[in-house]
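Visitor: after the sequence you'll find the predicted model.
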Amino acid sequence: MAVIYRVDMSDLSVRAEQPSEAYRDLGGRALTSAILQAEVPGDCHPLSADNKLVIAPGILTGTGAPCSGRLSVGAKSPLTGTIKESNSGGMAAIALATVGVRAIVLEGLPTDNRLHRLVVTRDGVRIEPVDGLQMTGNYDTVAAQFEQFGKQAVCLSIGQAGEMKAAAASIASTDIEGRPTRHCGRGGMGAVMGAKGVKVIVIDPAGGERPKPVDPARFKAGATRFNEALKKHPLTSETLPTYGTNALTGVINEAGGLPTRNFSSGYFEDADGISGETQHDTIVERGGVIAHACHRGCTIRCSRIYVDENGQYLTKGPEYETVWAHGTDCGISDLDAIARMDRMDDDFGIDTIETGATIAVAMEAGILPFGDAPAAIELLSEVGKGSPLGRLVASGAEVLGKTYGVRHIPTVKGQSMPAYDPRAVLGIGVTYATSPMGADHTAGYAVTANILGVGGKVDPLKPEGQVELSRNLQIATAAIDAAGLCLFTAFAVLDDPSALEGICEMLAGWYGREYASADFLELGKRTLLCERRFNAAAGFTAADDRLPDFFKKEKLSPHNVVFTVPDEDLDEVFNFG
């Protein structure tokens, strides 16, 4: 049975334990949130010894289930003050599952100022000092680990932002090629890892083995059914492999919901220059890679490798969220500049959504002009220097906006909104307002029915049906995160009953017992209610489940609409508990 490793940085000790009854059947987000709710005081300081950083593969991760290589990292967030689960692809989750890790729980605070490394193997976890990496970026940090441990190693690391304990700091996971491109970006998990004094976690999967289901035949049948559903759905079999997540730029722009120049408009006039189609053609012409998997076992392959004008590797993607955040929200239409900023985000270890939104707020503050890509790159470079201005950028949009007296700060619970203006996509606005995680599109991706026509159709400009849509998606997403499945598998789940049947059959095979769709949704409900209990203990109430006032009062072009879902409807999202 996989074990939970308790790593106490106060005395540099490691304790292995079998999961208790409360944690035994959990994984991913369900496990990180359960541990935090049970063991972390809601009112603790996020950078204190009382907070814990929980790193957990999903329930199905490492089993060979399609698209199941997701990693959950949880803690009380330095950015929001709420509970937080931050999710990423890359190879770390599979490597951890392969060496028998159910979770790593970082506890306490170090008594010295040294940076440390955790080395995780099939034999356990050890802590050792790692000198010479102070204020080193993720790329150089992981390169140093590969020199010592070999290319088979997998890394989780923090860059300069994590060492500075900046609220927007991420944790990088290396991808198939060993590059630190897949990030647990949201909520400042890198700051918590930095506070614990851990620079990098090296996982050596040598000698490990794939977790084995109790009923292999049933598991295999479920995996086959699930994979067939993914192969049939046009988004997971055609659109995402061809154009990646950036396929959304043109779609959301035409829908009038593409946040532009710090959420002042829903339409960007130069969107074609940075669209998924343009990105695809640029990558192909330069000899980059499309239809790239960020981890083994991914059949969707929405990632890509972006190269510069000379055909040299620059970064992954960039993903839609990066293109929006560093592009349209900043008034920038230079795809190469956006790619360079994506590389800087990954190297410094900062959330690309929060960082782009912060630069846009800085532009509104007059620190630099909208549309000035070189100035945006120069501002972002301050993070790597650790300068006062760089620390302010790495602290997120709300901190920088308040510092400079900006009124339009697009955050909920301190976290920046992602790439959909809630006035034009009302369902995602409900998710932004009510998710326990702060503004987070992945918590309940209502763009499905609002814009894409996946899982039905709910008019994005009318309040009717938005609460039910967001509620159902938040429940399903929490369960998908617990299972360790990629969120994009939800497209097939929403349109094809056989996809959910396949997931439940895989889980039935894994546990060796019957597992119905009701059990899967109950897992999501329990996880959400657990997270809300933590937030209540942290002092959050219904009054915090609201969008900034300007979304309700200032009309968004081109539809000239405001956010119209009533507060009393927002308060009904979690009425299932």
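Guide: Perfect, thanks for sending it.
Visitor: please make it C-alpha for all contacts and neighbour counts, starting now.
Guide: Fine.
Visitor: doesn't Val7 fall inside a helix?
Guide: No. Using DSSP: H, G, I helix; E, B strand; the rest coil, the secondary structure at Val7 is strand, not a helix.
Visitor: contact partners for it?
Guide: Listed by C-alpha atoms under 8 Å, 6 or more residues apart in numbering, the contact set of Val7 reads Ser13, Val14, Arg15, Ile104, Val105, Leu106, Glu107.
Visitor: any idea how far it is from Ser86?
Guide: 20 Å (C-alpha to C-alpha, to the nearest Å).
Visitor: what's in contact with stretch 479-495?
Guide: 26-31, 57-61, 66-72, 87, 89, 229-230, 233, 235-236, 442, 448, 454-455, 477, 499-500, 520-521, 523-525, 527.
Visitor: please apply the same query to stretch 260-275.
Guide: With C-alpha under 8 Å, 6+ apart, stretch 260-275 has contacts from 246-250, 253-254, 256-259, 278, 323, 327-331, 333-335, 357, 360-361, 364, 370, 408, 410, 421, 424, 556-558.
Visitor: and that stretch, how far out from the chain's middle?
Guide: In terms of C-alpha atoms, centre = their mean, to the nearest Å, the centre of stretch 260-275 is found 23 Å from the chain centre.
Visitor: tell me which residues in it are buried?
Guide: By neighbour count with 16 or more other C-alpha atoms under 10 Å, stretch 260-275 contains the buried residues Thr260, Arg261, Asn262, Phe263, Ser264, Ser265, Gly266, Tyr267, Phe268, Ala271, Ile274, Ser275.
Visitor: check stretch 56-75 too.
Guide: Buried residues in stretch 56-75, counted by 16+ other C-alpha under 10 Å: 56-75.
Visitor: strands of the stretch 101-250 of the chain, residue ranges please.
Guide: 101-107, 116-121, 124-129, 154-157, 171-173, 182-184, 198-203 (DSSP state E, counting those that start in this stretch).
Visitor: what about the stretch 251-400 of the chain, any weak spots by pLDDT?
Guide: Nowhere does the stretch 251-400 of the chain drop to pLDDT under 70.
Visitor: strands of that one, residue ranges please.
Guide: 289-292, 303-307, 313-316.
Visitor: of all the ones you listed, which lies closest to Asp345?
Guide: Among those, the nearest to Asp345 by C-alpha to C-alpha is strand 313-316 (10.1 Å).
Visitor: export the closest one to PDB, keeping only CA atoms.
Guide: Extracted in PDB, the C-alpha atoms of strand 313-316 (Å, rounded to 0.1, in the frame of the first residue of the first chain):
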ATOM      1  CA  TYR A 313      13.500  25.900 -27.800                       C
ATOM      2  CA  LEU A 314      11.900  28.700 -26.000                       C
ATOM      3  CA  THR A 315       9.000  27.400 -23.900                       C
ATOM      4  CA  LYS A 316       6.000  25.100 -23.900                       C
END
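Visitor: for it, which strands pair with it and how are they oriented?
Guide: Looking at strand 313-316 with DSSP bridges, its partner strands are strand 303-307 (antiparallel).
Visitor: tell me what the top helix by length along the chain is packed against?
Guide: In terms of residue count, the longest helix belonging to the chain (DSSP state H) is helix 517-537. Identification of packing neighbours for helix 517-537 by 3 or more C-alpha pairs under 8 Å, 6 or more residues apart in numbering; DSSP states H and E yields helix 28-39, strand 83-88, helix 466-483, helix 497-511.
Visitor: give me the contact list for the helix or strand that that helix is followed by.
Guide: Next along the chain after helix 517-537, taking DSSP states H and E as the criterion, comes helix 550-553. Outside of helix 550-553, the residues within contact range by C-alpha under 8 Å, 6+ apart are His408, Pro422, Arg423, Val562, Phe563, Thr564.
Visitor: quick one: furthest residue from the center of the protein?
Guide: Relative to the C-alpha centroid of the chain, counting by C-alpha atoms, centre = their mean, Ala217 is the outermost residue, at 32.6 Å.
Visitor: gap between the residue lying closest to that residue once chain neighbours are set aside and Arg210?
Guide: Leaving aside its sequence neighbours, Ala217 sits nearest to Gly509 (C-alpha to C-alpha, 6 or more residues apart in numbering; 7.3 Å). With the distance defined as C-alpha to C-alpha, Gly509 ends up 15 Å from Arg210.
Visitor: please apply the same query to Gly244.
Guide: 29 Å.
Visitor: okay, and for the protein, where does confidence drop off?
Guide: 1, 577.
Visitor: most centrally placed residue in it?
Guide: A centroid search over the chain (C-alpha atoms, centre = their mean) returns Asn87, at 4.1 Å, as the residue closest to the centre.
Visitor: need the contact list for it.
Guide: Arg70, Leu71, Ser72, Val73, His183, Cys184, Gly185, Asp481.
Visitor: that older thread, can you select the buried ones from the contacts of stretch 260-275 in PyMOL?
Guide: Buried residues among the contacts of stretch 260-275 (16+ other C-alpha under 10 Å), as a PyMOL selection:
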select buried, resi 246+247+248+249+250+253+256+257+258+259+278+323+327+328+329+330+331+333+334+335+357+360+361+364+370+408+410+421+424+556+557
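Visitor: let's see which of the buried residues of stretch 56-75 end up in strands.
Guide: Mapping these onto strands (DSSP state E) picks out Ala56, Pro57, Leu71, Ser72, Val73, Gly74, Ala75.
Visitor: higher neighbour count, Gly509 and Arg210?
Guide: Gly509 (24 against 15; other C-alpha atoms under 10 Å).
Visitor: was I right to think the more buried one contacts Lys212?
Guide: No. Gly509 lies out of contact with Lys212 (C-alpha atoms under 8 Å); the separation is 9.6 Å.
Visitor: how long is stretch 363-370 from one end to the other?
Guide: Per C-alpha to C-alpha, the first residue of stretch 363-370 is 6 Å away from its last.
Visitor: cool, stretch 241-252 as well?
Guide: Stretch 241-252: ends 19 Å apart by C-alpha to C-alpha.
Visitor: how far does it sit from its chain's centre?
Guide: 18 Å.
Visitor: who's in contact with it?
Guide: With contacts defined as C-alpha under 8 Å, 6+ apart, stretch 241-252 is touched by 239-240, 258, 271-272, 274-277, 279-280, 290-292, 300-304, 317-321, 323-324, 420, 451.
Visitor: which ones among the residues you listed lie within helices?
Guide: Counting by DSSP H, those contribute Leu240, Gly276, Glu277, Gln279, His280, Tyr320, Glu321, Val323, Trp324 to helices.
Visitor: let me have those in TSV, extended by distance to Ala206.
Guide: TSV is the format used below for the ones in helices among the contacts of stretch 241-252 (distance: C-alpha to C-alpha, whole Å):
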residue	distance to Ala206
Leu240	32
Gly276	38
Glu277	40
Gln279	37
His280	36
Tyr320	35
Glu321	35
Val323	37
Trp324	39
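Visitor: buried subset of those residues as a ChimeraX selection?
Guide: In ChimeraX syntax, the buried subset of the ones in helices among the contacts of stretch 241-252 is picked out as below (16+ other C-alpha under 10 Å):
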select :240,276,277,279,280,320,321,323,324
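Visitor: and for Pro234, the neighbour number?
Guide: Pro234, neighbours per other C-alpha under 10 Å, totals 12.
Visitor: quick check: it vs His326, distance?
Guide: Distance, Pro234 to His326, by C-alpha to C-alpha: 28 Å.
Visitor: tell me who's in contact with Thr136.
Guide: With the criterion set at C-alpha under 8 Å, 6+ apart, Thr136 makes contact with Gly159, Gln160.
Visitor: excluding covalently adjacent residues, which one is nearest to Ile338?
Guide: Counting by C-alpha to C-alpha, 6+ apart, Ile338 lies nearest to His326, which is 5.8 Å off, once chain neighbours are set aside.
Visitor: again, but for Met417
Guide: Ala439 (5.1 Å).
Visitor: one step back: quick one: which of the contacts of Asn87 is nearest Leu36?
Guide: Of all those, Val73 has the smallest distance to Leu36: 10.9 Å, by C-alpha to C-alpha.
Visitor: right, and that closest one touches Ile55 too?
Guide: Yes. Contact criterion C-alpha under 8 Å: Val73 and Ile55 qualify, at 4.5 Å.
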